[in-house]
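Participant: here is my input; please provide its structure:
(one chain, ligands or ions: 1)
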Amino acid sequence: MKWSALLLAGGQSSRMGQKKHMMQLEGRPMIDRQIDRFANHCEEILVVANDGLEISDEHVKVMPDIERFKGDGPLAGLYTGLKNSRSDAVCLIACDMPFASVKMASWLSEVLDEGYDAVIPRLKGRSHPLFACYHKRILPIVEEQLILGKRKMQDMIDRIAAREVQESEAPEWDAEKLEWILFNMNTPEDYETVRRKIEEGDIL
Ligand SMILES: Nc1nc2c(ncn2[C@@H]2O[C@H](COP(=O)(O)OP(=O)(O)OP(=O)(O)O)[C@@H](O)[C@H]2O)c(=O)[nH]1
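Facilitator: A predicted model of the protein is given here:
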């Protein structure tokens with residue numbers, strides 16, 4: 001199934017103390033690095049950010065959360081992206097997941113093609129809805145949840161035909177690699193961990 005990459009770059013970054021998507025990794029802002037990783041591997045790239053971010057690349061669409069749900073968390077970003085996507089499926093990618101893998105996104109989209117509303121990786125008993133594929137048909141449910149003030153991703157996921165993929169199903173990644181792929185950066189310590197890992201050589 002054709003899919004769009006939907007990069008989430010809203011939020012407060014309060015634990016980091018600075019905008020995560022603008023922090024430098026490999027000599028450029030994280031958001032640019034994410035765009036480079038996914039460019040040419042998907043239908044289009046959508047970035048949902050609320051800080052006036054501008055990206056001068058005609059293949060990248062940057063937009064703020066839809067006004068009505070502005071700042072309502074990742075679910076608002078998913079809503080905005082799904083509404084603006086030209087594909088039937090999006091792969092949601094939090095901008096603070098520096099090792100989010102294109103290959104894994106493609107694999108998730110293939111599983112989605114089996115007829116699910118969403119495909120969400122699960123590792124060591126924890127779901128990772130911020131690196132997961134979603135079908136556009138869930139839009140009315142996402143909207144309803146936001147209207148009800150139910151901002152938790154999991155509450156929305158409980159209402160759709162979501163398929164959780166277990167680590168044992170992942171075709172080419174062992175648990176250690178998956179941990180890196182699903183690693184998200186929240187604090188300055190996490191940032192240092194990521195920088196060290198990149199210096200050692202990309203894991204993927
Ligand atoms: N579009 C959009 N993205 C969001 C919003 N809130 C969080 N995100 C994104 O969702 C991902 C996970 O965010 P969190 O780490 O939970 O929240 P955060 O605001 O970035 O950081 P904290 O303030 O430290 O919790 C990140 O990629 C954020 O950029 C929002 O209201 N709108």
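
Participant: show me what the helix or strand bottoming out on mean pLDDT in the chain packs onto, helices and strands only.
Facilitator: For the chain, counting by mean pLDDT, DSSP states H and E, helix 175-181 ranks last in confidence among helices and strands (a mean of 93). Secondary-structure packing of helix 175-181 (3 or more C-beta pairs under 8 Å, 6 or more residues apart in numbering; DSSP states H and E): strand 118-123. C-beta coordinates here come from the backbone N, C-alpha and C atoms, glycine included.

Participant: from the contact counts, what lies against the strand it packs on?
Facilitator: helix 102-112, strand 131-135, strand 162-166, helix 175-181.

Participant: the ligand is nearest to which of those?
Facilitator: The ligand lies closest to strand 131-135 among these, at 10.0 Å (C-beta to the nearest ligand atom).

Participant: after the closest one, next one along is what?
Facilitator: helix 139-147 (DSSP states H and E).

Participant: list the buried ones in that following helix?
Facilitator: Val142, Glu143, Gln145, Leu146 (16 or more other C-beta atoms under 10 Å).

Participant: turn those into CSV, columns for distance to Trp3.
Facilitator: As requested, the buried residues of helix 139-147 are arranged in CSV below (distance: C-beta to C-beta, whole Å):
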residue, distance to Trp3
Val142, 17
Glu143, 21
Gln145, 22
Leu146, 22
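
Participant: out of these, who's nearest the ligand?
Facilitator: Nearest member of the buried residues of helix 139-147 to the ligand, counting by C-beta to the nearest ligand atom, is Leu146, at 10.7 Å.

Participant: which residues does the closest one contact?
Facilitator: Residues near Leu146 by C-beta atoms under 8 Å, 6 or more residues apart in numbering: Arg68, Phe69, Asp72, Leu75, Ala76, Tyr79.

Participant: check what pLDDT it gets.
Facilitator: On pLDDT, Leu146 comes in at 98.

Participant: by contact count, what packs against the helix of greatest length in the chain?
Facilitator: If you go by DSSP state H, the chain has its longest helix at helix 188-200. Under the contact criterion of 3+ C-beta pairs under 8 Å, 6+ apart, helix 188-200 touches strand 24-25.

Participant: the strand it packs on: what's the following helix or strand?
Facilitator: Strand 24-25 is succeeded, C-terminally, by strand 28-29 (DSSP H and E).

Participant: which of the contacts of Leu146 sit farthest apart?
Facilitator: The largest separation in those, counting by C-beta to C-beta, is between Arg68 and Leu75 at 12.5 Å.

Participant: of the two, which one has the most company?
Facilitator: Neighbour count, other C-beta atoms under 10 Å: between Arg68 and Leu75, Leu75 has more, with 22 against 12.

Participant: what pLDDT does the more buried one get?
Facilitator: For Leu75, the pLDDT comes out at 98.

Participant: wait, it sits on Gln145?
Facilitator: Yes - applying C-beta atoms under 8 Å as the test, Leu75 and Gln145 come out as touching, 6.5 Å apart.

Participant: shared neighbours, the two?
Facilitator: What both Leu75 and Gln145 touch, as defined by C-beta under 8 Å, 6+ apart, is the set Arg151, Met156.

Participant: ok, Glu169 - how many residues close by?
Facilitator: Glu169, neighbours per other C-beta under 10 Å, totals 12.
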